[in-house]
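S.K.: heads up, no residue letters with this:
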């Protein structure tokens, strides 16, 4: 039976990888300036019979953007699965502990306070904001002296509420022609501003987060048990949970500081993975990352195709996510979700 399940997993993951590969090729080809498959092959092989413009578009626009889409989807899907496991809450997502709210506030402050702020300043502001948000959550949890997972959720709600209140104040006093437009655009999420330099800057942080989660996969699976069972197994719950939250925060903050806020991916990818595997373990976390990568790749492709100008990616991820969430609510309607 184990061999049969292993073969099924291999076929499943092989199919997912093939789907990601196909979506990657389509993403590189599609855009205002299309690149033919033969041109991509010639560029990869180093042939000279490709126009300079095609090479420039390939290396400076499409490859960084597509690679960032894969990173964003994989990171948000993986982090969402981790949050749902350790919080024992099927509605948990990367913003459950205030990361999204803090990152949004950090970006808004960078736009308003730094008069000459560019994308790098906004990205750095959002990164710092996300980390300060999770530190604030940790402080609130420690101040309450509560070890319940619900305390983290409530602390995250508090941080999100405070962040939104400050952001509304910043929007009220912001310059409507420049600052307000920049804040709204960043909140909607986009891959259009991705560059190779930004990808290379956040890639080491992304790797640290992913590798750390992989190394702590057994501890994450154990946190799905009750706190008493974890203590009986010798786990120091507070320290382990804090380390996992920091790694997940590093992963999410590294992504959204480049892409802006991307909705629903961290929520729907784990649910799709659980519907497929019928369980919630490390394989589910990995599958969540793969599914998240496909979701963002597909959403980014349609964001470039559906309209004459590029649509914000959160519009497409919301269109994908809402039907999945409705389906989940219908399936779990008789259960207590929170």
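M.R.: Thanks, I have the structure now. This structure is a prediction, so every number in the text was calculated from the model and none was measured. Residues are numbered from 1 along each chain as shown.
S.K.: find the centremost residue of this structure, please.
M.R.: The residue lying closest to the centre of the chain (CA atoms, centre = their mean) is residue 76, at 2.4 Å.
S.K.: and the next helix or strand past the helix or strand hosting it?
M.R.: Using DSSP states H and E, residue 76 maps to helix 63-86. Note on helix 63-86: by DSSP H and E, the next helix or strand toward the C-terminus is helix 99-113.
S.K.: next one: the helix holding residue 76 to chain centre, how far?
M.R.: 4 Å (CA atoms, centre = their mean, to the nearest Å).
S.K.: buried stuff in the helix or strand containing residue 14?
M.R.: Element membership for residue 14, per DSSP H and E: helix 2-29. Across helix 2-29, burial judged by 16 or more other CB atoms under 10 Å covers 16, 19, 20, 23, 24, 27, 28, 29. C-beta: built from backbone N, CA, C; applies to glycine.
S.K.: next one, pLDDT for the fifth one please.
M.R.: Think residue 24. At residue 24, the model reports a pLDDT of 95.
S.K.: can you classify the residue of the chain positioned farthest from its centre by secondary structure?
M.R.: Residue farthest from the centre of the chain, counting by CA atoms, centre = their mean, is residue 49 at 38.3 Å. Using DSSP: H, G, I helix; E, B strand; the rest coil, the structure places residue 49 in coil.
S.K.: what's it in contact with, if anything?
M.R.: Counting by CB atoms under 8 Å, 6 or more residues apart in numbering, residue 49 makes contact with residue 42.
S.K.: residue 240 contacts residue 223, correct?
M.R.: Yes. Under the criterion of CB atoms under 8 Å, residue 240 makes contact with residue 223 at 7.2 Å.
S.K.: looking at these two, which is more packed in?
M.R.: Each of residue 240 and residue 223 has its neighbours counted (other CB atoms under 10 Å); residue 223 has more, 23 against 17.
S.K.: what distance do you get for residue 62 to residue 30?
M.R.: 9 Å (CB to CB, to the nearest Å).
S.K.: all helices for the stretch 151-300 of the chain, in order.
M.R.: 179-188, 196-215, 217-222, 227-232, 237-259, 265-277, 282-305 (DSSP state H, counting those that start in this stretch).
S.K.: can you list contacts of the first one?
M.R.: For helix 179-188, the external contacting residues (CB under 8 Å, 6+ apart) are 104, 107-108, 111-112, 122, 126, 167, 170-171, 174, 260-261, 312-315.
S.K.: one step back: and residue 62 and residue 30? which has more neighbours close in?
M.R.: Between residue 62 and residue 30, counted using other CB under 10 Å, residue 62 has the larger neighbour count: 21 against 17.
S.K.: my guess is that one contacts residue 26. True?
M.R.: No. Residue 62 is beyond contact range of residue 26, at 10.7 Å (criterion: CB under 8 Å).
S.K.: what's the burial count for the nearest residue to residue 205 once chain neighbours are set aside?
M.R.: For residue 205, ignoring the flanking residues on the chain, the nearest one in space by CB to CB, 6 or more residues apart in numbering is residue 254 at 3.9 Å. Look at residue 254: counted by other CB under 10 Å, it has 25 neighbours.
S.K.: next one, pLDDT for residue 254 please.
M.R.: So, for residue 254, pLDDT stands at 85.
S.K.: relative to residue 130, how far out is it?
M.R.: 9 Å.
S.K.: quick check: next helix or strand after the helix holding residue 14?
M.R.: Downstream of helix 2-29, the first helix or strand assigned by DSSP H and E is helix 37-45.
S.K.: any idea how far that following helix is from the middle of the chain?
M.R.: On CA atoms, centre = their mean, the centre of helix 37-45 falls 30 Å from that of its chain.
S.K.: pull the number of nearby residues for the closest residue to residue 58 other than its chain neighbours.
M.R.: Once flanking residues are discounted, residue 58 sits nearest to residue 43: 5.4 Å by CB to CB, 6+ apart. Using other CB under 10 Å, residue 43 is surrounded by 17 other residues.
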